[in-house]
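Q: Dropping the sequence and predicted coords here.
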There are 2 protein chains.
Amino acid sequence: MIECSPYKFHVDCPSRKLFEQISDKWSMMILTVLDDGPLRFNEIRRQLEGITQKAQTQTLRRLERNGLVERKVIASSPVAVQYEITPLGRKLQGPFKALYKWTLDYMPEVEKARATYDARIEQVENV
Amino acid sequence: MIECSPYKFHVDCPSRKLFEQISDKWSMMILTVLDDGPLRFNEIRRQLEGITQKAQTQTLRRLERNGLVERKVIASSPVAVQYEITPLGRKLQGPFKALYKWTLDYMPEVEKARATYDARIEQVENV
DNA sequence: CAGAATCCAAACCGATACTG
DNA sequence: CAGTATCGGTTTGGATTCTG
């Protein structure tokens, strides 16, 4: 792990600035569904349970601005818009899949830890 | 990428639940500095520029609850508290480092994309 | 279809003061 | 040292309405 002086994680450290941009609720999921191929606005929507139109628009705009997604307007009536992952966005798939695998592999351990923690806390509070 | 029916990312998908827990502003950074060895509260603080005491406490509690960090109270006067990464937390280092490397490798590309996007937006707005 | 605009409530966040 | 408690200010999030 490379360091950013004088703090390990300086506010100007690229990892902080960039992590903020992709660690929101929906970016990772949108990039993941787009990895299988381009989708239209409502096609994305149908794959992500619970996303609102506003959140989706905002997330897509940020992804587009950061060069991770390309927005293509297809002139027709009514107009069609297609979202496509860029090569840069595709390079995030490796890290994302590693993270995704971790969540599946260790979810049971995390839940066990939570149960233990919550039980201990409750005990302390009920003294 | 494994799917969660009927949506690709169902609300009960482990990846969503767990990703929410670690994708906040500080978790990744705290786990990273703890990877080098256990630290006390204020030692962590000194490595993470801009973190407030409140945010640090909250993040550490969540990490502890999820079994990623262990909190050890050393009886002394004044009391000392040590935070140590757990084996489970350490298993996240691989994915984190992959993500970290991506930010360093592609930050320039992202900034170029932003400049292009912002210039285009400005042009549209100034018509 | 693919959004933009608006409004409101809830969550978060930092600053401050206090404690054993 | 290692926190807890509290209090505004800000941001976020959802629901709703409107548009070409």
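A: Nice, I can see it.

Q: remind me, longest helix of chain A?
A: helix A:93-125 (DSSP state H).

Q: model confidence over that helix, on average?
A: For helix A:93-125, mean pLDDT is 91.

Q: Packing partners of it?
A: Secondary-structure packing of helix A:93-125 (3 or more C-beta pairs under 8 Å, 6 or more residues apart in numbering or on different chains; DSSP states H and E): helix A:27-34, helix B:14-22, helix B:53-65, helix B:87-90, helix B:93-125. The way it works is simple: take the backbone N, C-alpha and C, and place the C-beta from them, glycine included.

Q: So for DNA strand C, which of those helices sits nearest?
A: In terms of C-beta to the nearest atom of the strand, the element of the helices and strands packed on helix A:93-125 nearest to DNA strand C is helix B:53-65, at 4.1 Å.

Q: could you list every residue that touches A:E20?
A: B:K25 (C-beta atoms under 8 Å, 6 or more residues apart in numbering or on different chains).

Q: separation between it and DNA strand D?
A: 9 Å (C-beta to the nearest atom of the strand, to the nearest Å).

Q: got it, and A:I74?
A: In terms of C-beta to the nearest atom of the strand, A:I74 sits 12 Å off from DNA strand D.

Q: which residues pair with that residue across the strands?
A: Beta-bridge partners recorded for A:I74 (DSSP bridges): A:A80.

Q: So it is in contact with A:A80, correct?
A: Yes - counting by C-beta atoms under 8 Å, A:I74 does reach A:A80; the two are 4.3 Å apart.

Q: Contacts for stretch A:91-109 next, please.
A: Residues from elsewhere that reach stretch A:91-109 (C-beta under 8 Å, 6+ apart): A:22, A:28, A:31-32, A:35, A:68, B:1-2, B:14-15, B:17-19, B:67, B:88, B:91-92, B:94-95, B:98-99, B:101-102, B:105-106.

Q: In PyMOL, select just the buried ones from those residues.
A: Provided next is the PyMOL selection string for whichever of the contacts of stretch A:91-109 are buried by 16 or more other C-beta atoms under 10 Å in any protein chain shown:
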select buried, (chain A and resi 22+28+31+32+68) or (chain B and resi 14+15+18+19+67+88+92+95+98+99+102+106)
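
Q: Would you mark the buried spots in the longest helix of chain A?
A: Neighbour-count burial for helix A:93-125, counted by 16+ other C-beta under 10 Å, picks out A:93, A:95-100, A:102-103, A:106, A:109-110, A:113, A:117.
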